[in-house]
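Peer 1: need the 3D shape of this:
(2 chains)
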Amino acid sequence: MSWLVPLPVILPLTGAGLALVFIRHPRIQRTISVVVLTLVLTVAVSLLWLADQGPLVVDVGGWAAPVGISLVADRLSALMLSVSAAVTLCVLIYSLAQGLADGDEEAPVAIYHPSYLVLVAGVANTFLSGDLFNLYVGFEILLLASFVLLTLGGTVARIRSGTIYVVVAVVSSMIFLVAIALVYSAAGTLNLAQLAERLPEIDGGTRLILQLLLLIAFAIKAAVFPMSAWLPDSYPTAPAPVTAVFAGLLTKVGIYAIMRTQTLLFAEGRVDGLLMGAALATMLIGILGAVAQTDIKRLLSFTLVSHIGYMVFGVALSSRTGLAAAIFYVVHHITVQTSLFLVVGLMERRGGSTSLTRLGGLAKVAPLLGVLFFIPAMSLSGIPPFSGFLGKVGLLQAGIADGSGPALALVVGGVVTSLLTLYVIVKAWNQAFWQEVPEDLPQTRLPGGMVGPTAALVAVGLALTLFAGPLFGYAERAADDMRAQTPYIDAVFSRGERGEGESPEALTETPP
Amino acid sequence: MLDSPNLVLLVVIATLFAGGVYLLLERSLSRVLIGIILISNGANLFMLVVSGPPGGAPIVGLTPEDQMSDPLPQAMVLTAIVITLGMAAFVLAMAYRSWQLNRHDEVQDDLEDRRLARIAASNQVVDSDLEQETRLATLDQEAAEARDEMAELTGSTTEDGKDRQ
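Peer 2: Below you'll find the predicted structure:
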């Protein structure tokens, strides 16, 4: 069944090409995008089930593992892939309805569909890549697509914020490229499985430099403090569906890369203290930024930065519970943050603004909208019984089990951040949903095509709560695999030193 | 074969990186773009230099196997060059669009920075959201209008100039 593995990358790329061909036929474009993303979701869910029996590996082009590029779908990759596929499909349907309602003025223009599909392909490539350079290529694919989506329409505000986003992204890519060059010169390979075997033999100081360089490159993408300032300034100006999918996925791609490299390549955890400090600062400074905001899109962007801290916390603990809780938290956060941004898009439509001082009385005008906001918002701030609470409890338990000073400080910081998130959410709720109804409220009805996907995503968030047991079990098995390393390495090198495929002469050769 | 990397190439790489970083810190997007190109050239050259001793073309039958250079970094550098080309094209398009809209291509201030600077300048506590809101409303426009370098050149004082005094 390993032929399924490349499909999440191939399908959207093919779809993007087709969507470009039919650029003058919006109806065909829409059909292509929906069909492709539904197929990707189906493939991803099958991979989720298959990867539970053991990692699936494809040696691209039939070249055996360390020679060619390998694509690996283990539990972590498959889980991330499934959640991202579900989220991208919901956001796509939402944006289609928005385009139909607005006559393609605000968001979806003809280039939207190809760029969106390329973004999905890039994200999938990053999750599946078993090779450091292929990971870089995946990042670049999704970054270039995100540049186009962020500056869609080329208005003054989008060009202003897009400029900062693009320059920061390019700089982080350059750091990543330099890190790749150094890794190659130190270890003579870029295959993750082979690196896992070779890096421990390298001099400790060199290894630390490689680790830090990769960490900086990924931390910029994941918006970990102090590399987080670009995010709240660039995301809010994009169209609502674009902001939603960026907030849900792009930072998590960075977190995924940190998780993968920290567990597989640098398992001894020498920078765990540094990561804990960064996690604490990200949490607290992010949420304090959110407290000061009066625009709900900017407010949510700051909470996004803040909650990245929880995931870094889990990675830094590098214990079984810590990693499992971090994986669970990533899944929860992708779903919840995306649905919140979709709801904010609806609020903007109904209330005519995203400014909290101008919004008001939405609970009276649109009670359903209130429910749709309330559930993910409570989940985000960690109120039981929602998934955010379960993820945080897992992290706090792991922190206390760790017992060291920094870990306990993070436990306290996590609780404080959670309370401040609640404060911010309550403030937003109070100003937007209660208060007097403003007089100049636009007389519109929310299109069912936009409410439907939002409700579906909120339902997914609730399902995470209902099926938290099996999901946590899955995350724990994924964490076990990551800590053991051997399932991943053995799956890639299925024939001892090599993977499946062509490299007869190399078998006799000794590595350089 | 050489044991240590070529010193001249290392100096070239260092110069490319230094110049690139300097330009990256500039305000004008065109200069930032040149900075990006310099850094990426530096990074590509770096990859070639550190990835092993130089050798002949890695083609079987043309070069004896023990004198071949490593083909993999060459392939990776080629990929990186193509990617940077795409990025550069996009940044160029964005600089042009910025010029179309604003008549300049400067990277503009972060809104949050600007707001903090204003609050600090007025030296007063903001105690209501409404007050903050009215301040923020003008920021978007101001951020688009403010130009550090242009202001210096023409000698005119913009809103921005007053703020910083």
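
Peer 1: now do the same contact list for the nearest residue in space to A:Thr263 that is not next to it in sequence.
Peer 2: Excluding its sequence neighbours, the residue lying closest to A:Thr263 (C-beta to C-beta, 6 or more residues apart in numbering or on different chains) is A:Met482, at 4.2 Å. No exception for glycine: its C-beta is placed from N, CA and C like everyone else's. Neighbouring residues of A:Met482 by C-beta atoms under 8 Å, 6 or more residues apart in numbering or on different chains: A:Leu76, A:Met259, A:Thr263, A:Leu264, A:Leu323, A:Tyr488.

Peer 1: show me which pair in the residues you listed is furthest apart.
Peer 2: Pairwise distances across those peak at 13.8 Å for A:Leu323 and A:Tyr488 (criterion: C-beta to C-beta).

Peer 1: how far does stretch A:326-342 sit from its chain's centre?
Peer 2: 8 Å (C-alpha atoms, centre = their mean, to the nearest Å).

Peer 1: could you dump that stretch to PDB, C-alpha only?
Peer 2: Written as PDB, here are the backbone C-alpha positions of stretch A:326-342 (Å, rounded to 0.1, in the frame of the first residue of the first chain):
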ATOM      1  CA  ALA A 326       2.500  18.100  22.200                       C
ATOM      2  CA  ILE A 327       1.300  16.000  19.200                       C
ATOM      3  CA  PHE A 328      -2.200  16.100  20.600                       C
ATOM      4  CA  TYR A 329      -1.900  19.800  21.200                       C
ATOM      5  CA  VAL A 330      -0.800  20.400  17.600                       C
ATOM      6  CA  VAL A 331      -3.900  18.500  16.300                       C
ATOM      7  CA  HIS A 332      -6.200  20.400  18.600                       C
ATOM      8  CA  HIS A 333      -4.600  23.700  17.800                       C
ATOM      9  CA  ILE A 334      -4.800  23.400  14.000                       C
ATOM     10  CA  THR A 335      -8.500  22.600  14.200                       C
ATOM     11  CA  VAL A 336      -9.400  25.200  16.800                       C
ATOM     12  CA  GLN A 337      -7.400  28.100  15.600                       C
ATOM     13  CA  THR A 338      -8.600  27.600  12.000                       C
ATOM     14  CA  SER A 339     -12.200  27.400  13.000                       C
ATOM     15  CA  LEU A 340     -11.800  30.600  15.100                       C
ATOM     16  CA  PHE A 341     -10.400  32.500  12.200                       C
ATOM     17  CA  LEU A 342     -13.300  31.200  10.000                       C
END
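
Peer 1: buried sites along it?
Peer 2: A:326-342 (16 or more other C-beta atoms under 10 Å in any protein chain shown).

Peer 1: what's the mean pLDDT across it?
Peer 2: For stretch A:326-342, mean pLDDT is 95.

Peer 1: also stretch B:54-70?
Peer 2: 84.

Peer 1: check stretch A:27-36 too.
Peer 2: 93.

Peer 1: what residues of it count as buried?
Peer 2: Buried-residue list, stretch A:27-36, by 16+ other C-beta under 10 Å: A:Gln29, A:Arg30, A:Ile32, A:Ser33, A:Val34, A:Val36.

Peer 1: ok now stretch A:190-199, how far from the chain's centre?
Peer 2: 24 Å.

Peer 1: may I have that stretch exported as CSV, CA atoms only?
Peer 2: Included here for stretch A:190-199 are C-alpha records, laid out as CSV according to Å, rounded to 0.1, in the frame of the first residue of the first chain:
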residue,chain,number,x,y,z
LEU,A,190,20.9,14.4,4.0
ASN,A,191,18.7,11.4,4.4
LEU,A,192,17.1,11.8,7.9
ALA,A,193,17.4,8.1,8.8
GLN,A,194,21.0,8.0,7.8
LEU,A,195,21.7,11.3,9.6
ALA,A,196,20.1,9.7,12.7
GLU,A,197,22.8,7.0,12.5
ARG,A,198,25.7,9.3,11.6
LEU,A,199,25.2,12.5,13.6
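
Peer 1: hang on, A:Arg198 packs against A:Asn191?
Peer 2: No. Here A:Arg198 does not reach A:Asn191: they are 9.4 Å apart, not a contact under C-beta atoms under 8 Å.

Peer 1: these two: which is more packed in?
Peer 2: Taking other C-beta atoms under 10 Å in any protein chain shown, A:Arg198 and A:Asn191 do not tie; A:Asn191 has more neighbours (25 against 18).

Peer 1: I figured that one hits A:Asn134, correct?
Peer 2: No. A:Asn191 lies out of contact with A:Asn134 (C-beta under 8 Å); the separation is 9.5 Å.

Peer 1: ok, back up a step: closest to chain B among the contacts of A:Met482?
Peer 2: Nearest to chain B out of the contacts of A:Met482 is A:Leu264 (C-beta to the nearest C-beta; 20.4 Å).

Peer 1: where does that closest one land in three-state SS?
Peer 2: helix (DSSP: H, G, I helix; E, B strand; the rest coil).

Peer 1: any idea how far B:Leu72 is from the nearest residue to it once chain neighbours are set aside?
Peer 2: Residue nearest to A:Leu264 in three dimensions, not counting chain neighbours: A:Ala196, with 5.0 Å by C-beta to C-beta, 6+ apart. With the distance defined as C-beta to C-beta, to the nearest Å, A:Ala196 ends up 19 Å from B:Leu72.

Peer 1: A:Leu471 now?
Peer 2: 40 Å.

Peer 1: in the stretch 251-400 of chain A, what residue comes closest to chain B?
Peer 2: Closest point on the stretch 251-400 of chain A to chain B, by C-beta to the nearest C-beta, is A:Thr357, at 4.5 Å.

Peer 1: rebuild the buried residues of stretch A:27-36 as CSV, extending it with distance to B:Val77 and secondary structure.
Peer 2: CSV is the format used below for the buried residues of stretch A:27-36 (distance: C-beta to C-beta, whole Å; DSSP: H, G, I helix; E, B strand; the rest coil):
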residue, distance to B:Val77, secondary structure
A:Gln29, 36, helix
A:Arg30, 39, helix
A:Ile32, 35, helix
A:Ser33, 34, helix
A:Val34, 39, helix
A:Val36, 32, helix
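
Peer 1: switch the residues you listed over to a markdown table; also include distance to A:Ala459.
Peer 2: Putting those into a markdown table (distance: C-beta to C-beta, whole Å) gives the following:
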| residue | distance to A:Ala459 |
| --- | --- |
| A:Gln29 | 27 |
| A:Arg30 | 23 |
| A:Ile32 | 26 |
| A:Ser33 | 22 |
| A:Val34 | 19 |
| A:Val36 | 23 |
